[in-house]
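Engineer: All I have is the shape, not the residue letters:
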Ligand SMILES: Cc1cc2nc3c(=O)[nH]c(=O)nc-3n(C[C@H](O)[C@H](O)[C@H](O)COP(=O)(O)OP(=O)(O)OC[C@H]3O[C@@H](n4cnc5c(N)ncnc54)[C@H](O)[C@@H]3O)c2cc1C
Ligand code: FES
Ligand code: FES
């Protein structure tokens, strides 16, 4: 079976790649496009380390096929900082020490950004529910949630 | 493996009639099962290119919900959550935010798990599936689709295009509750959906009660409905509902709960669910 030729947009840039039918979007980002920010934690939708936005919708890229990105728009952690300038969420994660090994961090940042785009002023409970599909084995969720709340406040200009 | 994305129902049924073909909707069950080699399809037929599977329409007779509409999209619909809050809440219990971005009612039902959360919600609401196949289109109530774990009443080449949800009755309300040992991200030990309608005086005129995870397939509990119809859904009626629900359970023992525990929880859960549906019915 010939490979699929996929034309898509990643972080605003048009890109093309070849992939097999069974390759996931996560495989394609990491192996074909060298965008290794999204991580593979479980490959079963449980950990959220592979989180990306697909047409603005938060998804696990391990549960999307690479061919499904044809003609769509994908946003990954690589598109979050503007050049050398970190996104407020990224800065607050550093300030609050909301990461240790960092495997979960790209997924959590992408997920948190999607939340704040939808709801700029979430309650702590809303943050916790929204991020329930992002597992962290080292940091503990309190620091992560605090960093997200603080970034939200800063972004609201509060 | 081949990947196909047909844009018409006819093209999809033709592909699905072939050897080793399988529907791909959100992939949140299928891709996990392919990864763990539980399933190895030869052809994946992505139905999301077919317009009818991806949209929600509303008319006087109710809603038509595309089988591949995602949980997140159900929640965002401007009126669906007002009319059928229980159905939407049931679908929104599926997985995380990420899973909600992909998971569908069609996938939840056709994956064939007795614990699928949206299925008792759909059954209570009286959902009817529109099924397309090589010989044309037919309809089947949702409670008649799943027969046993991983076994469906669909034949070769058939797939679900959409679900028809009736218009909410004048004083109608629905609810879905599940019992899990934690607050999020777990599989139902028991799930219960209730929909009921009242007359102007508050007497129950119609009811549907459905249970998940307590038998080999999701159940429509007719005796549960009978316990409510003709009553004011008072404590006596709720006690009858509880007994009818417990009598209908044929659960298994597993690490999530014993047979006795599941039966007990099912009765309590049904009463709580019915009370929420009643509150909602009184408000509209
Ligand atoms: C982390 C995680 C958490 C989860 N939590 C829950 C939970 O709490 N509750 C719950 O109920 N489920 C849960 N699930 C399971 C899953 O997300 C749901 O069952 C979901 O609704 C499946 O929908 P899908 O569109 O992704 O289906 P897919 O994976 O695309 O398909 C599932 C199956 O149904 C078939 N199929 C799909 N659509 C059709 C159709 N229209 N016609 C015929 N056949 C079809 C496919 O061929 C496949 O066999 C979870 C999954 C994950 C990964
Ligand atoms: S790698 Fe995708 S959810 Fe864990
Ligand atoms: S920082 Fe290590 S998993 Fe979260």
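Structural biologist: Done, it's in. Computed from a predicted structure; not experimentally measured. Ligands and ions are numbered 1, 2, ... in the order given.
Engineer: Tell me the residues on chain A that lie near ligand 1, please.
Structural biologist: With Cβ under 6 Å from any ligand atom as the criterion, chain A meets ligand 1 at residues A:45, A:46. Yep, even glycine has a C-beta here, placed from its N, CA and C like the rest.
Engineer: Now do the helices in chain A.
Structural biologist: If DSSP state H is used as the criterion, the helices of chain A fall at A:25-27, A:88-95, A:105-118, A:124-130, A:141-156.
Engineer: Can you pull the residues of chain A lying near ligand 2?
Structural biologist: Proximity of chain A to ligand 2, by Cβ under 6 Å from any ligand atom, involves residues A:40, A:41, A:42, A:43, A:45, A:46, A:47, A:48, A:49, A:50, A:60, A:62.
Engineer: Scan the residues you listed and report the most crowded one.
Structural biologist: In terms of neighbours by other Cβ atoms under 10 Å in any protein chain shown, the residues of chain A next to ligand 2 top out with residue A:60 at 37 neighbours.
Engineer: That one is in contact with residue B:98, isn't it?
Structural biologist: Yes: counting by Cβ atoms under 8 Å, residue B:98 is a contact partner of residue A:60 at 4.5 Å.
Engineer: re earlier: to residue B:150, which of the helices of chain A lies closest?
Structural biologist: With distances scored as Cβ to Cβ, the stretch of the helices of chain A nearest to residue B:150 is helix A:25-27 (26.6 Å).
Engineer: which residues does the spatially closest residue to residue B:2 that is not a sequence neighbour bridge with?
Structural biologist: Among residues not flanking residue B:2 along the chain, residue B:43 sits closest, at 4.7 Å (Cβ to Cβ, 6 or more residues apart in numbering or on different chains). Note on residue B:43: beta-bridge partners by DSSP bridges are residue B:2, residue B:21.
Engineer: Centre-most residue in chain A?
Structural biologist: Residue closest to the average C-alpha location in chain A (Cα atoms, centre = their mean): residue A:110, at 3.2 Å.
Engineer: Give me the distance between the nearest residue to that one once chain neighbours are set aside and residue A:134.
Structural biologist: Spatial nearest neighbour of residue A:110, chain neighbours left out: residue A:51 (4.6 Å); criterion: Cβ to Cβ, 6+ apart. To residue A:134, residue A:51 is 7 Å away according to Cβ to Cβ, to the nearest Å.
Engineer: Looking at chain A, which residue is nearest ligand 1?
Structural biologist: Proximity of chain A to ligand 1 (Cβ to the nearest ligand atom) peaks at residue A:45, 2.9 Å away.
Engineer: give me every residue that touches residue A:148.
Structural biologist: Listed by Cβ atoms under 8 Å, 6 or more residues apart in numbering or on different chains, the contact partners of residue A:148 are A:89, A:92, A:112, A:115, A:116, A:122, A:127, A:131.
Engineer: Single out the residue in chain B that lies closest to ligand 2.
Structural biologist: Of all residues in chain B, residue B:98 sits closest to ligand 2, at 6.9 Å by Cβ to the nearest ligand atom.
Engineer: In a strand, that residue, correct?
Structural biologist: No: assigned with DSSP: H, G, I helix; E, B strand; the rest coil, residue B:98 falls outside any strand and is helix.
Engineer: What are the structural domain limits within the chain?
Structural biologist: By default, I'm working from chain A. A:4-79, A:88-156 (automatic domain parsing).
Engineer: other chain: chain B
Structural biologist: Following automatic domain parsing, chain B resolves into domains at B:55-166, B:172-282.
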